[in-house]
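Asks: mind looking at a prediction? Sequence and model below.
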Amino acid sequence: MPATQTTVIKNGTIVTHDLTVRADVLVAGGVIAAIGPNLSGDHVIDATGCLIMPGGIDPHTHLEMPFMGTFSADDFESGTRAALAGGTTMVVDFALPDPGQSLMDALAVWSNKSARAHCDYSFHMAVTWWGQRVFDEMEQVAAAGITSFKHFMAYKGSLMVNDDEMFASFRRIADLGGLAMIHAENGDIVAEMAAKLLAAGTTGPEGHAYSRPAQVEGEATNRAIMIADMAGVPLYIVHTSCEESHEAIRRARQAGKRVWGEPLIQHLVLDETEYFHPDWDHAARRVMSPPFRNKAHQDSLWAGLAAGSLSCVATDHCAFTTAQKRFGLGDFTKIPNGTGGLEDRLPVLWTCGVGTGRLTPNEFVAVTSTNIAKILNCYPRKGAVAVGSDADLIIWDPEAEKTISAAGHQSNSDFNVFEGMKVRGLPRYTLSRGVVAFADGKVTAPEGHGAFVPRKGTTPVNTALQAWKELTNPRPVVRSGLPVTGV
Ligand SMILES: NC(=O)NCCC(=O)O
Ligand SMILES: [Zn+2]
Ligand SMILES: [Zn+2]
């Protein structure tokens, strides 16, 4: 379709994070040009029976990630194809410097990989080591539009950073007006427990779950919140999987701290019994960190999404093949950590959330798109159905059904952790900047269509937090005179 031509979406109901309204949507030049009744355009998309929602934003993916001696199986080509097929129009991936590597070099590597993307993308920068060079380069990274910095409190010996390094990094992020992010698990305890389990003969995937109980996540979450508070920086906790971590986030938010929690769709619907499956492959395919939890933890996460104490639903898409998972035969610590979900996040959340009454359609939009765009400072360009916003839209058929299977999915992985799940609610069309990117079960946006979305730092939340920290800073007591000694 020539760039000058317009498209109108007719007969649908617009659902945003805060309203539900019947109206047409006119798209011109890749953005939303008008919203209202009886609009006309060069092309018509019929949304009869459908909802028109902002495209999903996945704030947490690992495409072609070098990890645990291999690379995650989906790259930006297959990963973003999966995203569009599931109604996600933007992914945010992690640039991951090797310890000692320049941040800008890592960014160049990720920019190169992302050239194949079918949908829009942005990056977070991982802080995997600390030194003057990292401190200096963080400013350049932020100037390049990457204002969120991730720290791993786990993966001892590879990605993990210590508290003093985190504190130094958090203070730097505060000065840059950015967002600190955390993988919260106590890596020292995990490493000790894993070694003990292996020595005692627990070598299978269940050892992965035993070595990473909820307490180690809760402790690390509390620690990260304290460090962020001392540094005066907003904090985003990735893959919040348990009540202990959720409780810490809830308490921090109640105390006025700027903290957000991100459950994954996997943790919301899959539980720890998967690790006790008699088939080694079945269990190993589900190894990820943190591991799946029990029903009580799942209830806590669902409640947090409804109550607003948890803000976003992500995937942490880090897919591996069965052959890769088998690197850990005989030693669960060598099973590559990670699972996929990019294509399934929205249909599964709609089915298990909206379909059960645990979420409203508006809350669904908030946690899959709008809240994420706001926290990551790309709203309302992304995450909105509003005049001037990018026309990243899903035409969502709430009655459409399918059974999830690796046989038909877009991912390069040979399995799907949601295999056999029947979902109701699927995208009929996905639009990326006005281009029909998914229709009739096929991804139609070409490879390379995706564009980088730069994000500025210094959100209103940063500004408010800085002002409050300045006001409440410790100050010396001004005394009129000192006591005279020796009297
Ligand atoms: N989550 C996981 O197991 N793999 C991806 C890397 C990470 O986010 O920790
Ligand atoms: Zn992680
Ligand atoms: Zn991750």
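Replies: Perfect, thanks for sending it. Numbers count the residues shown, from 1 in each chain. Ligands and ions are numbered 1, 2, ... in the order given.
Asks: tell me how far whichever residue of the stretch 351-487 of the chain sits closest to ligand 1 lies from residue 103.
Replies: Among the residues of the stretch 351-487 of the chain, residue 417 lies closest to ligand 1, at 11.8 Å counting by C-beta to the nearest ligand atom. In this view, the C-beta of every residue, glycine as well, is placed from N, C-alpha and C. Here the criterion is C-beta to C-beta, to the nearest Å. By it, residue 417 lies 32 Å from residue 103.
Asks: any weak-confidence spans in this protein?
Replies: For the chain, the stretches with pLDDT under 70 are 1-3, 487.
Asks: would you map the strands across the stretch 251-400 of the chain?
Replies: 259-261, 393-403 (DSSP state E, counting those that start in this stretch).
Asks: from residue 259, how far off is the nearest residue to residue 103 once chain neighbours are set aside?
Replies: Closest residue to residue 103 apart from its sequence neighbours, by C-beta to C-beta, 6 or more residues apart in numbering: residue 137 at 4.2 Å. From residue 137 across to residue 259, the span is 26 Å (C-beta to C-beta).
Asks: smallest gap between the stretch 1-150 of the chain and ligand 1, at which residue?
Replies: residue 62 (5.1 Å).
Asks: how about the stretch 151-300 of the chain?
Replies: residue 288 (3.5 Å).
Asks: so that residue makes contact with residue 335?
Replies: No - with contacts counted by C-beta atoms under 8 Å, residue 288 stays clear of residue 335, the gap being 9.5 Å.
Asks: looking at the strands of the stretch 251-400 of the chain, which is nearest to residue 46?
Replies: With C-beta to C-beta as the criterion, residue 46 lies closest to strand 393-403 of these, at 8.8 Å.
Asks: which strands or helices does the closest one pack on?
Replies: Secondary-structure packing of strand 393-403 (3 or more C-beta pairs under 8 Å, 6 or more residues apart in numbering; DSSP states H and E): strand 51-54, helix 345-352, strand 422-432.
Asks: ok, which stretches of the stretch 251-400 of the chain are helices?
Replies: Using DSSP state H, counting those that start in this stretch, the helices of the stretch 251-400 of the chain run over 265-269, 280-285, 295-307, 322-325, 345-352, 361-365, 371-375.
Asks: could I get these in TSV, plus columns for distance to ligand 1 and mean neighbour count?
Replies: TSV is the format used below for those (distance: least, C-beta to the nearest ligand atom, whole Å; neighbours: other C-beta atoms under 10 Å):
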stretch	distance to ligand 1	mean neighbour count
helix 265-269	9	24
helix 280-285	12	20
helix 295-307	16	18
helix 322-325	12	18
helix 345-352	15	24
helix 361-365	23	21
helix 371-375	16	25
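Asks: make a markdown table out of the ones you listed and add distance to residue 248.
Replies: Listed next are the helices of the stretch 251-400 of the chain as a markdown table, based on distance: least, C-beta to C-beta, whole Å:
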| stretch | distance to residue 248 |
| --- | --- |
| helix 265-269 | 16 |
| helix 280-285 | 29 |
| helix 295-307 | 12 |
| helix 322-325 | 31 |
| helix 345-352 | 24 |
| helix 361-365 | 22 |
| helix 371-375 | 18 |
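Asks: looking at those, which is closest to residue 409?
Replies: helix 345-352 (11.4 Å).
Asks: from the chain's centroid, how far away is the closest one?
Replies: Here helix 345-352 is found 15 Å from its chain centre; the criterion is C-alpha atoms, centre = their mean, to the nearest Å.
Asks: offset the numbering so it begins at 21, please.
Replies: Happy to do that; since the first residue is 21 now, the last one works out to helix 365-372.
Asks: quick one: it to strand 413-423, angle?
Replies: Calculated by axes from the mean of the first three to the mean of the last three C-alpha atoms, to 10 degrees, helix 365-372 forms an angle of 60 degrees with strand 413-423.
Asks: counting by contacts, list what helix 365-372 packs against.
Replies: Packed next to helix 365-372, using 3+ C-beta pairs under 8 Å, 6+ apart, are strand 76-81, helix 285-289, strand 413-423, strand 442-452.
Asks: quick one: contacts of the shortest one?
Replies: With contact meaning C-beta atoms under 8 Å, 6 or more residues apart in numbering, helix 285-289 is reached by 259-261, 308, 310, 312-313, 317-318, 321-322, 333-336, 359, 361, 364-365, 368-369, 372-373, 437-438, 441.
Asks: circling back to that earlier point, return the most buried member of the helices and strands packed on helix 365-372.
Replies: Sort the helices and strands packed on helix 365-372 by mean neighbour count, taking mean count of other C-beta atoms under 10 Å, and strand 76-81 sits at the top with a mean of 30.
Asks: for that strand, packing partners?
Replies: If contacts are counted by 3+ C-beta pairs under 8 Å, 6+ apart, strand 76-81 sits against helix 96-105, strand 108-115, helix 365-372, helix 391-395.
Asks: check contacts around residue 241.
Replies: Contacts for residue 241 (C-beta under 8 Å, 6+ apart) come out as 202, 204, 257, 260, 264-265, 268-269.
Asks: if you set the cut-off to 6 Å instead, what comes out?
Replies: Shown in contact with residue 241 (C-beta atoms under 6 Å, 6 or more residues apart in numbering): 204, 257, 265, 268.
Asks: ok, so of those residues, who is nearest residue 152?
Replies: Nearest to residue 152 among those, with distances taken as C-beta to C-beta, is residue 204, at 26.7 Å.
Asks: that closest one contacts residue 244, doesn't it?
Replies: Yes - assessed by C-beta atoms under 6 Å, residue 204 is found in contact with residue 244 at 5.5 Å.
Asks: who has more neighbours out of those two?
Replies: More neighbours surround residue 204 than the other of residue 204 and residue 244, with 31 against 27 (other C-beta atoms under 10 Å).
Asks: could you find the closest non-adjacent residue to that one?
Replies: Per C-beta to C-beta, 6+ apart, closest to residue 204 is residue 240, 3.8 Å.
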